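>>> pasted the sequence and its predicted model underneath.
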Number of protein chains: 4
Amino acid sequence: MSNSFGHIFRFTSFGESHGDAIGGVIDGVPPGIFIDITFIQSELNKRKPGESKITTKRKEDDIVEFISGIFENKTTGSPIAFFIKNKNVNSEDYNNIKDVLRPGHGDFTYYHKYRIRDWRGGGRASARETAVRVVVGAIAKLILSKYHIEINAYTSQIGNTKLEIPIEKLDFKNTYHNSTRCPDNTTHKEFEKIILEHKAQKDSIGGVVSCVVKNVPIGLGEPLYDKLSARLAYAIMSINACKGFEIGKGFEVATMKGSENNDQIRYENNNIKFLSNNAGGILAGISTGQDIFFRTAFKPTPSISTTQKTINYNLENIELNIKGRHDPCVVPRAVIVVEAMTAITILDFILLNQAYKN
Amino acid sequence: MSNSFGHIFRFTSFGESHGDAIGGVIDGVPPGIFIDITFIQSELNKRKPGESKITTKRKEDDIVEFISGIFENKTTGSPIAFFIKNKNVNSEDYNNIKDVLRPGHGDFTYYHKYRIRDWRGGGRASARETAVRVVVGAIAKLILSKYHIEINAYTSQIGNTKLEIPIEKLDFKNTYHNSTRCPDNTTHKEFEKIILEHKAQKDSIGGVVSCVVKNVPIGLGEPLYDKLSARLAYAIMSINACKGFEIGKGFEVATMKGSENNDQIRYENNNIKFLSNNAGGILAGISTGQDIFFRTAFKPTPSISTTQKTINYNLENIELNIKGRHDPCVVPRAVIVVEAMTAITILDFILLNQAYKN
Amino acid sequence: MSNSFGHIFRFTSFGESHGDAIGGVIDGVPPGIFIDITFIQSELNKRKPGESKITTKRKEDDIVEFISGIFENKTTGSPIAFFIKNKNVNSEDYNNIKDVLRPGHGDFTYYHKYRIRDWRGGGRASARETAVRVVVGAIAKLILSKYHIEINAYTSQIGNTKLEIPIEKLDFKNTYHNSTRCPDNTTHKEFEKIILEHKAQKDSIGGVVSCVVKNVPIGLGEPLYDKLSARLAYAIMSINACKGFEIGKGFEVATMKGSENNDQIRYENNNIKFLSNNAGGILAGISTGQDIFFRTAFKPTPSISTTQKTINYNLENIELNIKGRHDPCVVPRAVIVVEAMTAITILDFILLNQAYKN
Amino acid sequence: MSNSFGHIFRFTSFGESHGDAIGGVIDGVPPGIFIDITFIQSELNKRKPGESKITTKRKEDDIVEFISGIFENKTTGSPIAFFIKNKNVNSEDYNNIKDVLRPGHGDFTYYHKYRIRDWRGGGRASARETAVRVVVGAIAKLILSKYHIEINAYTSQIGNTKLEIPIEKLDFKNTYHNSTRCPDNTTHKEFEKIILEHKAQKDSIGGVVSCVVKNVPIGLGEPLYDKLSARLAYAIMSINACKGFEIGKGFEVATMKGSENNDQIRYENNNIKFLSNNAGGILAGISTGQDIFFRTAFKPTPSISTTQKTINYNLENIELNIKGRHDPCVVPRAVIVVEAMTAITILDFILLNQAYKN
């Protein structure tokens, strides 16, 4: 259970990495929304590997195909089902890991939970599933566009190197032109270099994705347990390889005084203004109308071709060298997924707010 | 909406800080569980302020009273309702903030979302509600006890000072004897000193709560979207003042190589062993059977008696000095709440696992 | 589990018939609604026994007390908790049934499901819980009033005697003046006579509650599985003693031709008109704007003082004569409960419709 | 919203009658269940028209294709997605109704709710969607088989003619050999005759489906609001054209005395026995272990070729003669759908019961 996400804008996903297809069903889509397939496909392409030196050579020309819920290019209010065929399924790549519990992967936990060995490359646990989230996120963005909400995620750290440019100086138009998904060209090159170094060492490296959401209306989030911050954490932490989430100043608040951290308020020129945004746009779980800002940590790709100690399903100790095609860093591909899960979460709360309008 | 939490072990809470009572209803409690009221009350006492130099002098002798779902000291399978009366409600304390949007508080967002000014001390947004979570968590712990699952949260950082003792050397029996909820007596004193210094400055300070869960069965967590890590993030981030969550190595993974971060595996003495636990006990969203470990950041108390810029409901700029009784640091009181939300989340997944047993 | 009902206007109930209190928590109440306590109490009084020859002499002066979610007589958007104290709990009444599995009651199934014997008069299975539904329904009606939606339930059959007056000639102002809850005074007297005859025979009798809802907007109901008809069936069949539900022509459709049953359509005077309403106001699970009409069957009170064969918890065969105070017919008391569950269901769909407005 | 059904055994459906395909995703399937495709396809075939004189000539060779969640013929615990392609889509059949609001159909309500005209034959409201339920129901039956639970639905009334044979004398092996889905061959022929008469008159006729479930464990159903009876009503009333549901004696209880209706209890030969089963196997919303029995009413097919008054989308009054291929009676095709929804509901409660086992 739990292959669905969202309250009233809600999707359900299905499919394994090496089956025929992956896909999803979106329920709760308002009717009459223009579905711009070109936009959706372009979003999906942002996740596409095989386009740069830093991503795996596995070529996935992911094409989304819609089955239902759209008529004459508009949503009908009925569930939108779609799938993405799994092409280029090269099970031979997995022959050498077929009997092996790969360190850092879900092989161990899936096997113990389900007592099933679907050795064909991660099965359901594969990051390939994130393509489904990107499609759903693209539809959420299409609906959000009339609210002028803008969601920009980007790579802000690889290894020990951080993007040091202030957010307000970043030009997000660059993000997806750069293979590392870093909007600053100089930092992008540093990130690329680090990733390539780890690739050369047959190793991998982790990083951080940051995300900023602009033009958020005041009032999103449903206390007490569906605080906007809590739902974003839930949404983002459900992404493969994600190990941490923080909003606003995040873990830095541990070192701050109340007098530093509180965002003071002024009324100027007929507007309420906060003098800072340490809260990251959320107070008491509800959006303040300021930019939402959060950061999220992704671990290094667990599939590396360095020798590792592990066991096989016969409980024999072995030394493992993973062959096959793996990104040396998952972060660049996670960026569009972070945007997608954010869009889905924000939209869900916008619809809920409409419900409770009196 | 969203004053309920959990899938099939599920509670709903109600009540404002300055109404008659707060309380909750727990649904999905297996029948026949012995309800040890003394234990539940002792858990609630762990959240009690008024007991040390570092907490507010507001005295809340929180007594939990059960209304339903228990017969002859055992659960009946029917919903367990309980309440905690609000004594010592001193609304005069709030006279000076009655018309004010306090920085760092939910006043601004609640007012804009609900168009209601319940000025009596935070209303629903008050941290007082966490007492309800502690009661529910205590019942979850009673049910978990037969699984031998142990949950220990503790204060691990205040300001820039961190608890440097390795987890395995900590004696959790000390945690609740120390007002800072730090299990190491030496660090506790340092923490206490920092908190008192900030109190003396009419200011407040943030910190970090860590949590370790032992004897977790393999297989908890429901992919894809109810990964155990995602649900824990959701549960914990729903606690007042929480701004960050990380599991295992957390944000540190950004700086790690795959060869460092992967927990390698051996089969020794008829047991599968991981050679490390960087994952924090969760792989692909499912518990590995290793200790679950996570850290979570709490912001400094927003109510400070230092002068702050803000506005009132007439949109006038004012200078605010908050009087009244406020903890200079929320972290010590958050510790038992973190344990409670963890217990609730873990139990929910244990029950779900039983459901799907074939 | 499952002591909650509703999607986004959602309540959770608690309490046993012979505990301290029963009550509920309502989540998803829009803020700013005026809460007319007098109206709510008057609704609750409509369920009150002890007022006529045909109801039990057990006197329950049910007074609803609100704990949270209301400030200065308006809803705040926070959960509304309330309770109704159990006065007049006369456990002696239950001494003679303490060890007995009463035929027609939940004693057998509750005991086997939960392995708990709460012999104090039905415990959670008692119809006393329906008082909670009435309070929630009253609040739903307050919110629905601005939509001019009118819900009228009434007793339409007792035993073999049916109310034969066409609906449009009924004056619903009479309903709650008549102890049988039949709006036609002549039929009311017949119903009363039948009930008294069965009472004299130490027996009980079943009946039918009908319900008509006027001024329903077009478009309520969420295909495919939350058809308005399906949700109403679910809501109503959850009421104690309910054994059947039918909408529009109901079971009569089995005998009808398409040419008879189809409601034909005309456009006249700038309005779309249906030439009949066999559908009962719902087509394909969505409200048509016509009156919603349904009927629902209630079984005879199972507690009778006629001798019955049954067993006790020691598995001994016994002859049972139930003493104590029991209505000879549950139907009159069910009428307001049917209205309440209808109001709750309709409101939930209105809020959902607002959510999906594009 | 609401294209999902079930709590923890939960499916989501998608697809319109004249799109490429319909299908579903099942979440919460326990792992390791053998998936007998032949059985599933045979269940689907039971719904197939085009096989007798009484069903439409539209030939739908519905073939179910599975996409995910099954590996080496066993369930993996991951979501099972499947689709059924729409062949034989003859949109020309719909040319004459393209602009028309068909009486008795969802055209009116769908158009007003969603403001979309998908004129291609009913779109989402088409009964074609019930094929998805049958596939999900077949998988539920495969899981239920180890509990020896048997579900038998059958046609028990067409027009004014009722099947008069007592249930215990019916041989359910005949049900699907007879095109009317009546297990008694003699009554079957009467039913067939009635249906053909209505067909000859260019009209249609309604009927009743009865269902009996054997070997149900005691204890299914989750009070208070998820009573087994309430959930069955919800499940069944969600089927197209269903207008009524009754359990046990159903509406007949209105005419019964408590002394007649109560199922008395004896302990004989080390077994608890009920002396009757008027309750239909459910007391206080929980299964008693006796056979569950319910009846459900289906309206006559609204698509008839008799002239009807209606309007078109230009709000012009017209006289409509529906051409195309339509069953003169939906009841025979509903029988397997009733079984499917029953299986899905029962299984959901069995899994929930496992969850709460202490």
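Yep, it's here.
>>> closest approach to chain C from the stretch 201-350 of chain A, which residue is it?
As assessed by CB to the nearest CB, chain C sits closest to A:Pro223 within the stretch 201-350 of chain A, at 7.7 Å. (C-beta placed from N, C-alpha, C; glycine too.)
>>> these two touch, right, that residue and B:Glu129?
No - counting by CB atoms under 8 Å, A:Pro223 stays clear of B:Glu129, with 9.2 Å between them.
>>> re the thing from before, OK, contacts around the residue of the stretch 201-350 of chain A closest to chain C?
Counting by CB atoms under 8 Å, 6 or more residues apart in numbering or on different chains, A:Pro223 touches A:284-286, B:2-3, B:106, B:124-125, C:78.
>>> from those residues, which land in strands?
Mapping the contacts of A:Pro223 onto strands (DSSP state E) picks out A:Ile286.
>>> closest to chain D out of the contacts of A:Pro223?
Nearest member of those to chain D, counting by CB to the nearest CB, is B:Ser2, at 16.4 Å.
>>> what is the burial count for the closest one?
24 (other CB atoms under 10 Å in any protein chain shown).
>>> do A:Lys53 as well
With other CB under 10 Å as criterion, A:Lys53 counts 10.
>>> what parts of the stretch 151-300 of chain A come near chain C?
A:Pro223 (CB under 8 Å from any CB of the partner chain).
>>> in the stretch 151-300 of chain A, what residue lies closest to chain B?
For the stretch 151-300 of chain A, CB to the nearest CB, closest residue to chain B: A:Ala284, 2.6 Å.
>>> show me what contacts that residue?
A:223, A:227, B:105-106, B:109-110, B:125, B:240.
>>> in space, what's closest to it - neighbours in sequence excluded?
Distances taken as CB to CB, 6 or more residues apart in numbering or on different chains place B:Gly106 nearest to A:Ala284, at 2.6 Å, with adjacent residues excluded.
>>> quick check: that neighbour touching B:Ala125?
Yes - in this structure, B:Gly106 is within contact of B:Ala125 by CB under 8 Å, at 3.7 Å.
>>> sketch out the low-pLDDT regions of the stretch 51-200 of chain A for me.
Within the stretch 51-200 of chain A, the segments meeting pLDDT under 70 span A:51-52, A:55-60, A:88-95, A:118-122.
>>> and the helices in the stretch 1-150 of chain A?
A:37-46, A:107-114, A:130-144 (DSSP state H, counting those that start in this stretch).
>>> for these, give me a markdown table that also has mean neighbour count.
Below are the helices of the stretch 1-150 of chain A laid out as a markdown table (neighbours: other CB atoms under 10 Å in any protein chain shown):
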| stretch | mean neighbour count |
| --- | --- |
| helix A:37-46 | 16 |
| helix A:107-114 | 23 |
| helix A:130-144 | 26 |
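>>> which one of those lies nearest to chain D?
From the helices of the stretch 1-150 of chain A, taking CB to the nearest CB, the stretch that ends up closest is helix A:107-114, at 4.0 Å.
>>> which residues does that closest one contact?
With CB under 8 Å, 6+ apart as the criterion, helix A:107-114 contacts A:100-101, A:116-118, A:123-125, A:313, B:218-219, B:221, B:265, B:272, B:282-289, B:353, D:31-32, D:76-78.
>>> just the buried residues of those residues.
The neighbour-count test (16 or more other CB atoms under 10 Å in any protein chain shown) marks A:100-101, A:116-118, A:123-125, B:218-219, B:221, B:265, B:272, B:282-289, B:353, D:31, D:76-78 as buried among those.
>>> hmm, what's the outermost residue in chain A?
Largest separation from the mean C-alpha position in chain A: A:Asn269, at 38.2 Å (CA atoms, centre = their mean).
>>> now that one: phi and psi?
phi 50, psi 50 (degrees, to the nearest 10).
>>> distance check, it against B:Thr310.
17 Å (CB to CB, to the nearest Å).
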